[in-house]
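**Q** Next one to model:
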Amino acid sequence: MSHKKNKAPKAGLNKYRVYMINTIALGAVAVALVWAIRAYFHIGEDCYTNDAQVEEYINPINSKVQGYIKEIRFVEHQQINKGDTIVVLDDRELKIAQAQAEAAYKNALAARELTESSVNTASNNLNVNDANIAAAKARLSNTEQTYTRYANLLKDDAVTKAQFDQVKAEYDASKAQYQALLSQRKSAQLSVVEVTKRIGQNDAEVMRTKAALDMAKLNVSYAKIVAPYSCIAGRRLIQEGQLIQPGQQLLTIVKSNEKWVVANFREKQMKAVTIGKKVSIKVDALDDKEYEGVITAISGATGSKFSAIPVDNSTGNFVKVQQRFPVRIELTNANKKEDAELLRAGMNVEIRINK
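**A** Okay, the predicted model is just below:
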């Protein structure tokens, strides 16, 4: 009887212990589950975002001239060095245009030389005319003195009328010749001025044809399209034999030696985001490989403000949505060069700001 009484309290104690153990175990599991959910989804973390991607400069390569594609010297996603020829266009028509421009330029130079020669000739004619005027003036002065003397002699009947008429004729001829030479000098002087003005026109034509020749040479050089910097070729948009128009895109290239990350932080996280802060970068595609970065720039507006059609909250249908600010993060020199080369534009990354 006494044994039975001792057994009952023991059974009750065991049940209480089991209850407490189960309660503690369930509580521990609940706490662990909450911690795991918070850690997985980064709930309540002010210094973390997974809305981030690797960025690189992606530029189009366009043709500057029209022509048929002669050679394509790249394949998609190939590494290309600065100055490498990417595409070669048929340049035969461009070289013909260059030859025509060169001929026009030489013709303009010859026309200018001819005008300069005409200026020299006109100047020489003017000098000869001046010499003739000086001689005619001397003759006119001489004949005028003779005419005056004979006129006085005629009054005294010292000379005959015939002799006076001959002297007068010589005087009139000298005077007419002198006046004619003065008129010729005016014409010669106007000719010099006109021809000299023509030199300015010739100079303008020389400059115009020289510019046309330089442009033609440039167009010939544009037939070989080269890489502006070391890059990786993107998608090819052309085929050999295709007619290309000026401005037409041939391919896209990715600048492979300049990479950064753009992370979009929620507006309530911005108090922890400051320029110069170090961050850790985990790359999804590289098994969460970690890189070191530093914040170098913070956008002056939220990402939605840069959209093609910004949201107008004054329309009456307002739904409050937490905005995000784009933040530029540069890789630091602490990262190995070979590790940085593994990054590609568009890779998803996770950012955590170091406290």
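**Q** all strands for the chain, in order.
**A** 48-62, 67-72, 79-80, 85-89, 224-226, 231-236, 243-244, 249-266, 278-283, 289-298, 324-331, 348-353 (DSSP state E).
**Q** Dump these to JSON lines, plus distance to D156.
**A** For the C-beta atoms, the positions are set from N, CA and C on the backbone; glycine is no exception. Shown next, in JSON lines, are those (distance: least, Cβ to Cβ, whole Å):
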{"stretch": "strand 48-62", "distance to D156": "103"}
{"stretch": "strand 67-72", "distance to D156": "99"}
{"stretch": "strand 79-80", "distance to D156": "112"}
{"stretch": "strand 85-89", "distance to D156": "100"}
{"stretch": "strand 224-226", "distance to D156": "100"}
{"stretch": "strand 231-236", "distance to D156": "112"}
{"stretch": "strand 243-244", "distance to D156": "103"}
{"stretch": "strand 249-266", "distance to D156": "107"}
{"stretch": "strand 278-283", "distance to D156": "127"}
{"stretch": "strand 289-298", "distance to D156": "115"}
{"stretch": "strand 324-331", "distance to D156": "117"}
{"stretch": "strand 348-353", "distance to D156": "128"}
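**Q** so where's this protein shaky on pLDDT?
**A** 1-14, 16, 34-46, 122, 126, 188, 192, 314-317 (pLDDT under 70).
**Q** orientation of the longest helix along it relative to strand 67-72 in degrees?
**A** Criterion DSSP state H: the longest helix present in the chain is helix 92-155. On the basis of axes from the mean of the first three to the mean of the last three Cα atoms, to 10 degrees, helix 92-155 is oriented at 130 degrees to strand 67-72.
**Q** from here on, count from 25
**A** Sure, I'll start counting at 25 from here, so that last one is helix 116-179.
**Q** distance of R232 from T220?
**A** Distance from R232 to T220, counting by Cβ to Cβ, to the nearest Å: 20 Å.
**Q** Give me the most central residue, the protein.
**A** Nearest to the centroid of the C-alpha atoms of the chain, with distances taken as Cα atoms, centre = their mean, sits P252, at 11.8 Å.
**Q** Give me the distance between that residue and I93.
**A** P252 sits at a distance of 19 Å from I93 (criterion: Cβ to Cβ).
**Q** now S323
**A** 41 Å.
**Q** same thing with K106?
**A** Using Cβ to Cβ, one obtains 22 Å as the distance from K106 to I93.
**Q** Pick out whichever of those two has more residues nearby.
**A** I93 (19 against 11; other Cβ atoms under 10 Å).
**Q** my guess is that one meets R260, correct?
**A** No: I93 is beyond contact range of R260, at 11.0 Å (criterion: Cβ atoms under 8 Å).
**Q** how many other residues sit next to N144?
**A** Around N144 there are 12 other residues, counting by other Cβ under 10 Å.
**Q** do V351 as well
**A** Other residues close to V351 by other Cβ under 10 Å number 25.
**Q** got the contact list for it?
**A** V286, A287, N288, F289, V297, I319, A321, I322, S323 (Cβ atoms under 8 Å, 6 or more residues apart in numbering).
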